[in-house]
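**Student:** Okay, here's the prediction I keep looking at, along with the sequence it came from:
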Amino acid sequence: MTDPFSDLLKLTQAQSLITGGFTAGGDWAIRFPAPTRIKFFAVVQGGCWIHIEGEAEPLRFECGDIGLISAPRAFVLASDPNVPPLDAMALFSGAGKSRVHLGEGQDFAHLGGHVLLDPVSGPLLSEVLPPWIHIPASWPQADRFRALLDQLVVEQAQALPGMQLASAQLAQLLFIQILRAHLMSGAAKPASWLKALVHPRLAPAIRLMHSDPARNWHLETLAQACAMSRTTFATQFKAIAGVAPMSYLTRWRMQLAQRALQTSDIQIAQLASDLGYQSESAFSTAFKRETGHSPRACRLAAQGQVAVSVNLVTPDIE
């Protein structure tokens, strides 16, 4: 079965890595700089407070809780919000120093990592995430995290053969589970492709478009797949995804085109045909309308000469 969510994770080249962690006891606090990548962390022993820049009050994290920060906001982890924080850059600056210990005793343990994204297509994911996500261990979805966290702790502590690859694979699964838990939560979410992917009534249409993007899809066909009238489908799709169905299809085609132009030597005329365009000219016009650049310029962008991006989440202009 076509899996649009996997399609988009592959397109953005989302790659999760465990980068370290720390243990602590007594009174302690660490200030982390604003991340330049999506950052996630898990409390694997004890509990702590986290104060994220821009938030009025600190949050309490308990063992098994997971946090994800996608906005460039500094934050402080602490045993008590009133403890003056140490600078994380100074603590972890030593060569090969991915783990440290603070204070006296060991009643707290933390694992941290980040998500690498493709510089061009990565905003497709990062820009539709909230500034931060908190997945409490008490959530029903959090049951799926426990085995992953336990195994990550074992891998990091024992340095078993293949530890780096195993940790990366576990971290990737952890990131996917974080996104799933966020999508399954009842929190209000702005219109985006991410919201549309998990909407039960719209998912059939999105699967169809991803399964055969070259097909000349009609609004009626997509609406029938969702058991809706044409008008109801179009209205709901735009309200939830932020764009009209045909706009989504065009932008998905342009994402595929951009990736092909940057990673292969396919002829532009052949790419146009593969994506359902009757001529190279029609394809080039659509591509330039969405990206602001020609297909040739996109190919040059792979050599660092031109910056090109396609955004699936920019709302349609009335």
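**Tutor:** Received the coordinates, thanks.

**Student:** residues of the helix ranked longest in the chain that come out buried?
**Tutor:** The longest helix of the chain (DSSP state H) is helix 163-184. Applying a neighbour-count criterion of 16 or more other Cβ atoms under 10 Å, the buried positions in helix 163-184 are 166-168, 170-179, 181-183. In short, each C-beta sits where N, CA and C put it, glycine included.

**Student:** so how far is that helix off the chain centroid?
**Tutor:** Relative to the centre of its chain, helix 163-184 is centred 11 Å away, using Cα atoms, centre = their mean, to the nearest Å.

**Student:** again with stretch 83-94
**Tutor:** Centroid displacement of stretch 83-94 relative to its chain, using Cα atoms, centre = their mean, is 27 Å.

**Student:** Name the residues that touch it?
**Tutor:** Contact with stretch 83-94 is made by 20, 22, 27-33, 76, 78, 98, 100, 102, as judged by Cβ atoms under 8 Å, 6 or more residues apart in numbering.

**Student:** Give the rounded mean pLDDT of it.
**Tutor:** The average pLDDT within stretch 83-94 is 88.

**Student:** Next one: the residue nearest the centre of the chain from residue 154, what distance?
**Tutor:** Centroid check for the chain by Cα atoms, centre = their mean gives residue 125 as the closest residue, at 4.5 Å. Note on residue 125: its distance to residue 154, by Cβ to Cβ, to the nearest Å, is 29 Å.

**Student:** go on, residue 200?
**Tutor:** Taking Cβ to Cβ as the measure, residue 200 falls 37 Å from residue 154.

**Student:** Those two: who's more crowded?
**Tutor:** Just comparing residue 200 and residue 154: by other Cβ atoms under 10 Å the higher neighbour count belongs to residue 154, 14 against 7.

**Student:** In terms of helices and strands, where is the more buried one?
**Tutor:** Residue 154 is part of helix 143-158, with elements assigned from DSSP states H and E.

**Student:** Can you show me the CA trace of that helix as CSV?
**Tutor:** Presented in CSV, the C-alpha positions along helix 143-158 are these (Å, rounded to 0.1, in the frame of the first residue of the first chain):
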residue,chain,number,x,y,z
ASP,A,143,4.0,2.4,25.4
ARG,A,144,5.7,2.1,22.0
PHE,A,145,8.6,4.2,23.2
ARG,A,146,9.6,2.2,26.2
ALA,A,147,11.3,-0.7,24.4
LEU,A,148,13.1,1.7,22.1
LEU,A,149,14.4,3.8,25.0
ASP,A,150,15.5,0.7,27.0
GLN,A,151,17.4,-0.7,24.0
LEU,A,152,19.0,2.7,23.3
VAL,A,153,20.2,2.9,26.9
VAL,A,154,21.7,-0.6,26.5
GLU,A,155,23.4,0.3,23.2
GLN,A,156,24.9,3.5,24.6
ALA,A,157,26.0,2.0,27.9
GLN,A,158,27.6,-1.3,26.7
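
**Student:** Tell me the one among the buried residues of helix 163-184 nearest to residue 215.
**Tutor:** Distance to residue 215 across the buried residues of helix 163-184 (Cβ to Cβ) is lowest for residue 183, with 27.1 Å.

**Student:** hang on, the closest one packs against residue 194?
**Tutor:** Yes. In this structure, residue 183 is within contact of residue 194 by Cβ atoms under 8 Å, at 7.0 Å.

**Student:** burial count for the closest residue to residue 268 other than its chain neighbours?
**Tutor:** Setting aside the residues directly before and after it, residue 268 is nearest to residue 295 in space (Cβ to Cβ, 6 or more residues apart in numbering), at 5.0 Å. For residue 295, the count of nearby residues is 23 (other Cβ under 10 Å).

**Student:** same deal with residue 138?
**Tutor:** By the criterion of other Cβ under 10 Å, residue 138 has 9 neighbours.

**Student:** what's it sitting at in phi/psi?
**Tutor:** phi -80, psi -10 (degrees, to the nearest 10).
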